[in-house]
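1. here you go, sequence then predicted model.
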Amino acid sequence: MKREPNKFEEAGQAILQEINEPDQEQEQHKRSVWSVVSIPLLAILTGLIIGAILIAATSSSVYAAFGESPWRGIGAIFSEVYQAYKALFTGSIGDPVRIINALRSGEGSAIRAAFNPFLESLVQATPYIFAGLAVAFGFRSGLFNIGVEGQLFIGAACATFVGYAIKGLPFIIHMPLAFLAGALGGALWGFIPGLLKALTGGHEVINTIMMNYIAFRLTEWLLSGVMTRPDSGGMPISPLIEKSAQIPQFFKSPIRFHLGFFIALGVAWLIWWLLFKTKWGLNFRTVGANPRAAKYAGLSVPKSYMLAMAISGALAGLAGAVQVLAVNRSMALGLSSGYGFDSIALALIGNNHPLGVVLTSILFGTLRNGATRMMVVSRIPIDIVDVMQAIILMFVAAPAIIRSLYRLRKSKEGEETVFVSGWGGGQS
Amino acid sequence: MTSNSQVIKRKKIFEIPPARKLFMGIVEVLIALVILLVFVLNTEPQTLTTFVMTPGGIDIGKMADWVIPTLPTLITLTIIPALIGVYQLIRGFGRATNAMVGLSGLCLIFGFITWQAGGSSVNLAGMLTSAVLLAVPITLGAFSGVLSERAGVVNIAIEGMMLMGAMIGALVGSITKNAWIGLVGALLSGLLLSSIHAVLSIKYKINQVISGTVINIFSAGMTAFISQKYLQTNQVLNTPPLFTRIPIPGLANIPLLGPMFFNTNVFVYIMFILLIVIQVALFSTRWGLRLRSVGEHPQAADTLGINVIKTRYMAVLLSGLVAGVGGAFFTLGSVGRFNEGMTAGKGFIGLAAMIFGNWRPLGAIGAGFLFGFADAIGSKLLLLGSVIPPQIMAMAPYLITMIVLAGFIGKGDSPAASGEPYEKE
């Protein structure tokens, strides 16, 4: 059958407009920005409040103070939470006093050191950007990719292998090559569930989860066998990558801020362009919004699923690659602190939009970086970040709760819904 | 209504898509080929395999060792999946497709052990006994899934509910020094998390998969938080009493089956009781019919006067209770302490077992045993001196899950309205 591009493009455009983007007039623009941003912001605020409650409820000094007198107890709650969140802030943004002193002294090294917490937050945000884009791209295409963690591991393994096994290449070739190897590994790992969904209807949620576990075992095996460092003494760790494969860091150690952050911003822009400015992106989004309608409009739904999963996997693979090539310089099992799982919450909070993903990634990077400091100062386990993220995700996914909590009025615009249905869904 | 739904059911069952038929046939033929090429061709004739039929540490229900010639056994094990596969490709098994794939998988697993232990001996009974135990969390996870999905609510939060149940079970059990109270604690934690899932997905109508993900992330974070804050710093809080083996008088003396099913952990008995209860309640009572109709066609159920919302709440809460039991198994029935992330995807594999078992308790337990068996071999590999690295073998349950799932979803007996929030018109 001969395709008529104009016709189905029109149909796709119409469907998308109806489902995704209700009429937006210029004057409404300001209000719509608030309506998009208000729910995530309030969700984050609520997450921080619940985190504070958790900190207070598990602090032994609070209980000790309550034993003395209720007023002391309340005071202890505030001082405990203040201490913890102060550590969170100084650990992730920087200590204002120190920054001002450093700026006054005018010493380059002191200024850099004072700003390091913030730069380190950006370092932490970098893999989040890639992983969040992976999840967001999947959602936009009607796929729920829970397999980002596994794709990240495979991507990292591929990038590491190219990084250390190939020798003698110039930087200008070797680094991009290792980076792309990561994308390729992740793409393959994402493509398999996409293929299974397209061919047999096997739901990507279960399949990507299974691929996660397979990826963990596979990297475990690789790192303790084929890819192990010769002098590691049985530790599952890979050799160091070649200097020519490293993504350069801008400053001297211990500041780890690196070029990868800007690459991530570039990729985010690329994904935005692909999704919203090209015919391909339109097709992906049409299938994602309504597979049945997309089929009638003449699009190949299985093809879209396969391709979208591969792209999503490639982005996840880049998250692993950037971490290895820019920060760790070798691969070990503790490569990821759950970037793949956090990125699901992240993408949803960022409204599955590349810009939203970048902003939320910086927030998440900041939270995680600050939580490390919080753990040192107040002995609060870093996993509190996961709890907060789950709570934020819950509120973002169920805006009605936030609205009733803060007595907000419901916006007139249609709400962004994510199209993931039950096991039967997707295939029409 | 009954006659009408029967017609719909029958149509659905026999409408097995060609892609799935083909895929399963190919898988079965591949299994036969693997047994032939890897096992049969690498076995010397005259080799004998000895199966020890009494698990270690058991003094009732003993059985003599079982010595079989390796090669003829393996050849038989090649022929079975080959015949199944060819028949599947030509005619198809219809309703029995899943069971036949399961049988072929069993041939592969059994063939592997027979080959691996050729010329020496292996404790098959011990393996089967541990397979039953390993099947417990998977099967309970599958039961949990059956309960909520039959009412039309997808529950991918089973993993998180089990993890939380495991931790709360260990904590409460350690504090009270009573495993039963620990179990009650795990039940309550499952109930609490499932009520969150129910409110989010039924009342607020948020996407059920996302609501489940919220609970999974929350549980992973919360259990790790509490574990680091309390359990690791204070070991007294992480030494729950274990449920010990309870022999059932008389039945425990049956060779092989006695040690496997009647002289074992309380959780195995709970699993079988739940199997009967859920099977009967869902398929032989009016309550079950109502619950299933809500999952199948909520609008119609509502018209007939069934309270869809209430039914769904009840199903999800029951699902949480069962998941709580499954979680308690880890700390109170098997390991005896809580470790972070110790459920290791068993909840998700349980979901796969549910789908493999066609959303039926009986099928789910069958699938659970298959997964448990694969798991048991993985952990015994080192003892067998196998050339296959343990990490690769550890992938087996996940790989099997994926193969099994290919093409099963959205067909067969899947509740039609699963995953859709109900909106009253």
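-> Received it, and whenever you're ready, just let me know what you need.

2. can you tell me the SS state at the residue nearest to residue B:202 when sequence neighbours are not counted?
-> Excluding its sequence neighbours, the residue lying closest to residue B:202 (Cβ to Cβ, 6 or more residues apart in numbering or on different chains) is residue B:312, at 5.2 Å. Quick note: C-beta positions are derived from backbone N, CA and C, even for glycine. Using DSSP: H, G, I helix; E, B strand; the rest coil, the structure places residue B:312 in helix.

3. right, and residue B:312 touches residue B:422 too?
-> Yes: using Cβ atoms under 8 Å, residue B:312 is in contact with residue B:422, at 7.1 Å.

4. please enumerate the shared neighbours of those two.
-> Common neighbours of residue B:312 and residue B:422 (criterion: Cβ atoms under 8 Å, 6 or more residues apart in numbering or on different chains): B:152, B:202, B:294.

5. need these in CSV (columns: distance to residue B:134 and secondary structure).
-> Output for these, formatted as CSV (distance: Cβ to Cβ, whole Å; DSSP: H, G, I helix; E, B strand; the rest coil):
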residue, distance to residue B:134, secondary structure
B:152, 30, coil
B:202, 33, helix
B:294, 33, helix
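
6. what about residue 127, neighbour count?
-> I went with chain A, as the question did not name one. Neighbourhood size, residue A:127 [other Cβ atoms under 10 Å in any protein chain shown]: 32.

7. wrong one, I was asking about chain B
-> Counted with other Cβ under 10 Å, residues neighbouring residue B:127 total 22.

8. check the one 10 residues further on too.
-> Summarising burial for residue B:137: neighbours were counted as other Cβ under 10 Å, giving 33.

9. doesn't it lie inside a strand?
-> No: going by three-state DSSP, the assignment for residue B:137 is helix, not a strand.

10. tell me if I'm right that it and residue B:329 touch.
-> Yes: assessed by Cβ under 8 Å, residue B:137 is found in contact with residue B:329 at 5.2 Å.

11. let me see the contact set for residue 256.
-> As the question left the chain open, I've gone with chain A. Applying Cβ under 8 Å, 6+ apart, one finds that residue A:256 lies in contact with A:119-120, A:123, A:249, A:326-327.

12. the chain in question should be chain B.
-> Per Cβ under 8 Å, 6+ apart, neighbours of residue B:256: B:53, B:61, B:63, B:125, B:128.

13. buried ones from the contacts of residue A:256, can you make that a PyMOL selection?
-> Selecting only the buried members of the contacts of residue A:256 in PyMOL, with burial defined as 16 or more other Cβ atoms under 10 Å in any protein chain shown, works like this:
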select buried, chain A and resi 119+120+123+249+326+327
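
14. just the ones in helices from the contacts of residue A:256, please.
-> A:119-120, A:123 (DSSP state H).

15. could you export those as TSV, including pLDDT?
-> TSV is the format used below for the ones in helices among the contacts of residue A:256 (pLDDT from 0 to 100):
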residue	pLDDT
A:119	90
A:120	90
A:123	92
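
16. in JSON lines, list those along with distance to chain B.
-> Below are the ones in helices among the contacts of residue A:256 laid out as JSON lines (distance: Cβ to the nearest Cβ, whole Å):
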{"residue": "A:119", "distance to chain B": "26"}
{"residue": "A:120", "distance to chain B": "22"}
{"residue": "A:123", "distance to chain B": "22"}
